[in-house]
Each structure stands twice: as C-alpha cells, then as structure tokens.
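Asks: Turn this into a structure:
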Amino acid sequence: MLVNVANKDAESVISALIKSSKRLPRELYKSLTWDRGKELADHARLTMSTDVEVYFCDSQSPWQRGSNENANRLLRQYLPRGTDLSVHSQTKLSTIARQFNERPRKTLQYQTPAEKFAQCVAAISCGHQLIPPRKPDILLLLL
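Replies: Predicted coordinates for the structure are as follows:
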C-alpha cells in the first residue's frame, strides 16, 4: 500500500495510517516499526484507534527496520530519490504498489508479497492459526 498524504505532519500521517489500516485484516496488521521522525508524534492515537502497537528504532540503527530498508531500496526503482512525489496521483501510487507487491522476494522463498498475503488472508478466513514464518513485505509508505 502506498498512501499519498497532503502533509508530513503527525495529524495527516496518523489519519492516513488509521484509514489505511481498515483495509487490512486485523490479524495481519499488529505492529508498526518507525524511525524517529516527528510524523508519528501522536502514535498513541494510532494504537488506540487500531490496536496496532507502534515501536521506534534506535537512532542511527537502520538494521532494526531491515525489511523496510530493503523495500525502500527496491521502491527507488519506481520512484528515484529526489522525485517530486506530489505529482503522482493515488491511482499511480496504487499501480506502483501492485507492481511492487507482485515481485518475488528471496525472503519469501521467491513467492511474491501478494501471494503470501493472499495465503495469510485465506488462512484467517478458514479459521486456521496464522503463524507465518515471516511477515509479508507489504509496504505502507506515506508519500
């Protein structure tokens, strides 16, 4: 999921996270790890509205968000660093997200995040205990 936000202030970012979280099964969106940006200053509102636990990385420690850092690197193939993101519509961002989530990942035994996500949703729908070996690399990027 790529979500376009009007501003990078805490109110806009938290509101976008709350809105987008409603599009995911609750069982698959239990935590969010963030860097130390001020965009999540009101993280308590996110947790109270969604039951999503928010964790923060130590400063200067990008390895604590390794999956996210890798996803950001791959995303730069679609949106190079320095790109003016405000010129992209939500439709364009959704297209990029779909293409991004249809790329196989070594960490998922060469399945795509979309395939892994579908398997997890199917397991939830059938009432199976969901214990994936790894969280799917589904990226929520606020632009």
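Asks: Which residue is the nearest non-sequential neighbour of Asp9?
Replies: In space, and not counting its chain neighbours, Asp9 is closest to Glu39: 7.2 Å by Cβ to Cβ, 6 or more residues apart in numbering. In short, each C-beta sits where N, CA and C put it, glycine included.
Asks: typed the wrong thing, it's Pro104
Replies: Nearest to Pro104 is Tyr110, by Cβ to Cβ, 6+ apart, at 4.5 Å.
Asks: thinking the residue nearest to Asp9 is in contact with Ala10, fair?
Replies: Yes: between Glu39 and Ala10 there is a contact under Cβ atoms under 8 Å: 5.9 Å.
Asks: neighbour count winner among these two?
Replies: Glu39 (21 against 17; other Cβ atoms under 10 Å).
Asks: Check the secondary structure at that one for me.
Replies: Here Glu39 takes the helix state, with states given by DSSP: H, G, I helix; E, B strand; the rest coil.
Asks: can you pull out the strands in this protein?
Replies: 2-3, 31-34, 53-56, 141-142 (DSSP state E).
Asks: mind listing what the third one pairs with, with the direction of each?
Replies: Looking back up the chat, that one is strand 53-56. Strand 53-56 sits in its sheet next to strand 31-34 (parallel), going by DSSP bridges.
Asks: one step back: quick one, what contacts the residue nearest to Asp9?
Replies: Contacts of Glu39 were listed using Cβ atoms under 8 Å, 6 or more residues apart in numbering, and they are Lys8, Asp9, Ala10, Val13, Leu142.
Asks: Which one, of the strands of the chain, ends up nearest to Arg98?
Replies: strand 2-3 (9.5 Å; Cβ to Cβ).
Asks: circling back: mean pLDDT, distance to Val121 and mean neighbour count for the strands of the chain - can I get that in JSON lines?
Replies: Below are the strands of the chain laid out as JSON lines (pLDDT from 0 to 100; distance: least, Cβ to Cβ, whole Å; neighbours: other Cβ atoms under 10 Å):
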{"stretch": "strand 2-3", "mean pLDDT": "84", "distance to Val121": "19", "mean neighbour count": "21"}
{"stretch": "strand 31-34", "mean pLDDT": "86", "distance to Val121": "18", "mean neighbour count": "15"}
{"stretch": "strand 53-56", "mean pLDDT": "90", "distance to Val121": "21", "mean neighbour count": "14"}
{"stretch": "strand 141-142", "mean pLDDT": "45", "distance to Val121": "21", "mean neighbour count": "18"}
